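1. mind folding the following:
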Amino acid sequence: MSGFDLILEKRVSKIKLQQVIAVCFGIPEKSILITDDYVDSPLTDDIRLWCMANEVDGDFLLVCQFFIRDESIGYCPDLISKKITYILSSKCLIPDTSPSPLTWKMVSPDGTERSIILDSNELDNDRYVIYKE
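-> Prediction:
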């Protein structure tokens with residue numbers, strides 16, 4: 001199973017998130033499971049993508065962890081994040097290639113990206129807040 005994290009600037013209902021994920025990954029909504037925690041029972045084979053979505057406080061409000069369960073689903077986190085931000089008219093954060101857990105890429109609805117640094121004190125409290133000097 002592969003996957004990636006994406007943190008949205010705004011909160012989105014699970015139904016809306018499922019619809020957007022279906023469009024962006026090109027898979028049916030019924031093959032997507034969205035939960036707010038780990039599932040107790042094994043996922044059925046018809047679930048091709050599992051997303052754990054949790055609301056948090058800060059500058060970015062919805063942490064989405066994508067778990068791709070079907071190897072035939074082609075995806076690129078950069079491309080998927082751009083599609084999601086465009087459809088939702090919302091910025092998002094995705095991990096960058098830096099070894100620092102504080103450095104992320106912020107993707108805007110127009111597709112532009114820029115590197116940002118998160119406030120380490122806020123991150124310790126599960127709040128995604130951009131560091132301001």
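2. all helices for this structure, in order.
-> For the chain, the helices defined by DSSP state H occupy 14-25, 77-88, 120-123.
3. out of these, deepest packed?
-> Using mean count of other C-beta atoms under 10 Å, the stretch among those with the greatest mean number of neighbours is helix 77-88 (a mean of 18). Just so you know, the C-beta spots here come from the backbone N, C-alpha and C atoms, and that holds for glycine as well.
4. output the contacting helices and strands for that one.
-> Packing contacts for helix 77-88, counted by 3 or more C-beta pairs under 8 Å, 6 or more residues apart in numbering; DSSP states H and E, involve strand 2-8, helix 14-25, strand 92-95, strand 103-107.
5. nearest to R127, of the ones you listed?
-> strand 2-8 (10.9 Å; C-beta to C-beta).
6. what's the angle between the closest one and helix 77-88?
-> When axes from the mean of the first three to the mean of the last three C-alpha atoms, to 10 degrees is applied, the directions of strand 2-8 and helix 77-88 differ by 40 degrees.
7. who touches strand 2-8?
-> Contact with strand 2-8 is made by 60-68, 77, 80-81, 84, 88, 90-95, 104, 128, as judged by C-beta atoms under 8 Å, 6 or more residues apart in numbering.
8. repeat that for 7 Å
-> 60-68, 77, 81, 84, 88, 90, 92-95, 128 (C-beta atoms under 7 Å, 6 or more residues apart in numbering).
9. name the residue closest to the centre of this protein, please.
-> L6 (2.4 Å; C-alpha atoms, centre = their mean).
10. ok, for that residue, nearest residue in space, not its chain neighbours?
-> C64 (4.8 Å; C-beta to C-beta, 6 or more residues apart in numbering).
11. same question for K83.
-> C24 (4.2 Å).
12. let me have the helices and strands packed on helix 77-88 in JSON lines, extended by mean pLDDT.
-> Below are those laid out as JSON lines (pLDDT from 0 to 100):
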{"stretch": "strand 2-8", "mean pLDDT": "94"}
{"stretch": "helix 14-25", "mean pLDDT": "96"}
{"stretch": "strand 92-95", "mean pLDDT": "96"}
{"stretch": "strand 103-107", "mean pLDDT": "96"}
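13. got those as CSV, with distance to V39 columns?
-> Shown next, in CSV, are the helices and strands packed on helix 77-88 (distance: least, C-beta to C-beta, whole Å):
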stretch, distance to V39
strand 2-8, 15
helix 14-25, 14
strand 92-95, 24
strand 103-107, 27
